[in-house]
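# Sharing a sequence plus its predicted fold:
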Amino acid sequence: MDLEHGHSDEEIAARIAAPARQSYIKDTVYGAIDGTVTTFAIVAGVAGAGLSPTVIIALGLANVLADGFSMAAGNYSGTKAERDDIRRLRAQEDRHIDVHPEGERAELRAILADKGLSGEVLEAATEAIAADRKAWIDTMMEGEYGLSATDPHPMRAAVATFLAFLAAGIIPLLPFLFGLENAFIVSASLTGVVFFAIGALKARWSLTPWWRSGVETFLIGGVAAAIAYGVGTLFHV
């Protein structure tokens, strides 16, 4: 069976020494799905109301740019708040080590014991980690708060969300931008393909079969589009 990475001494050392990786899968998938859903919801709603393609293009482009920026800004603020909270807790643990070192050492020992260590091994591990202040604080962050030792990057998360929103959100508008016949049907077909593709792609980072993930995302987007189209028909002019 093929493994994802090697286990030679050199390969292990290289992986351990490599900088901590930040994942932007959540930000990208979130932006892509929301971009496709909201833009096609506008397309479906306006089409259901029987308005002209010009209105669809205007509202769709406004949504892609304005809503995409709004989502990115919201993700930036949320990620920054998360990072600030992590830094606050790290500073708090650092202060506690100075003020109440024995209490913090007892907490460290309890965290390691919860991982299965005991006896002399537990005491040795506690002393070894407590001798490295950063390792001590990192262990407390994970064991006491369930937080990663790596700070998230708000700007990178925001950019990933915006670019994914822009790339996916523009697709439902393409048939109208190019003046194609039966533009709404083509837009709906393209949107369905994008929904399925996003779901299938995100299955790469999960244990879910690609087709099931694709169908799941397709159904979620389809329900949103159907609701928007149904509301739009209520105002058909």
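Happy to help now that I have it.
# Can you give the contact residues for the helix or strand containing residue 160?
Element membership for residue 160 (DSSP states H and E) is helix 154-169. Outside helix 154-169, the residues that touch it by C-beta atoms under 8 Å, 6 or more residues apart in numbering are 22, 24, 27-36, 38-39, 63-65, 67-69, 71-73, 75-77, 79-80, 83, 194, 198. From N, CA and C alone the C-beta is placed, and that goes for glycine too.
# Also stretch 65-72?
30-31, 34-35, 38, 158-159, 161-162, 165-166, 169.
# rerun at 6 Å
38, 158, 161-162, 165-166 (C-beta atoms under 6 Å, 6 or more residues apart in numbering).
# Could you list the buried residues of it?
Residues of stretch 65-72 classed as buried: 67-68, 71-72 (neighbour count, 16 or more other C-beta atoms under 10 Å).
# Would you mind getting the angle between the longest helix along the chain and helix 154-169?
What stands out as the longest helix in the chain, according to DSSP state H, is helix 68-99. Note on geometry: by axes from the mean of the first three to the mean of the last three C-alpha atoms, to 10 degrees, helix 68-99 and helix 154-169 are set 150 degrees apart in direction.
# Of all the residues in helix 68-99, which ones are buried?
By 16+ other C-beta under 10 Å, the buried positions in helix 68-99 come out as 68, 71-72, 75-76, 79-80, 83, 86, 89-90, 93-94, 97.
# quick check: mean pLDDT across that helix?
If you average the pLDDT over helix 68-99, you get 95.
# same question, stretch 125-144
95.
# Just give me how far that stretch sits from the chain centre.
Here stretch 125-144 is found 28 Å from its chain centre; the criterion is C-alpha atoms, centre = their mean, to the nearest Å.
# Can you tell me what sits against that stretch?
Stretch 125-144 is contacted by residues 90, 93, 105, 108-109, 111-112, 117, 147, 149 when judged by C-beta under 6 Å, 6+ apart.
# for the residues you listed, which one is nearest residue 182?
residue 147 (51.4 Å; C-beta to C-beta).
# OK, contacts around that closest one?
Contacts of residue 147 (C-beta under 6 Å, 6+ apart): 86, 141.
# helix, strand or coil for it?
For residue 147, the assignment made with DSSP: H, G, I helix; E, B strand; the rest coil gives coil.
# If I look at it, what pLDDT would I see?
Looking at residue 147, its pLDDT reads 88.
# Return the residue of this structure that is most distant from the centre.
What lies farthest from the middle of the chain is residue 120; by C-alpha atoms, centre = their mean that is 41.6 Å.
# Check what pLDDT it gets.
With respect to pLDDT, residue 120 scores 95.
# residue ranges with poor pLDDT in the chain?
The chain contains residues with pLDDT under 70 at 1-4, 12-13, 15-21, 236-237.
# Phi, psi for residue 134 please.
Backbone torsions for residue 134, taken as degrees, to the nearest 10, come to phi -60, psi -40.
# Relative to residue 221, how far out is it?
Look at residue 134 and residue 221: by C-beta to C-beta, to the nearest Å, they are 44 Å apart.
# Between these two, which has more neighbouring residues?
Legend: neighbour count by other C-beta atoms under 10 Å for residue 134 and residue 221, higher for residue 221 (22 against 11).
# and the more buried one, what does it touch?
Listed by C-beta under 6 Å, 6+ apart, the contact partners of residue 221 are 37, 195.
# The most centrally placed residue in the chain: which element?
In the chain, the C-alpha nearest the mean C-alpha coordinate belongs to residue 26, at 1.5 Å (C-alpha atoms, centre = their mean). Under the criterion of DSSP H and E, residue 26 resides in helix 25-48.
# how many degrees apart are that helix and helix 68-99 in direction?
150 degrees.
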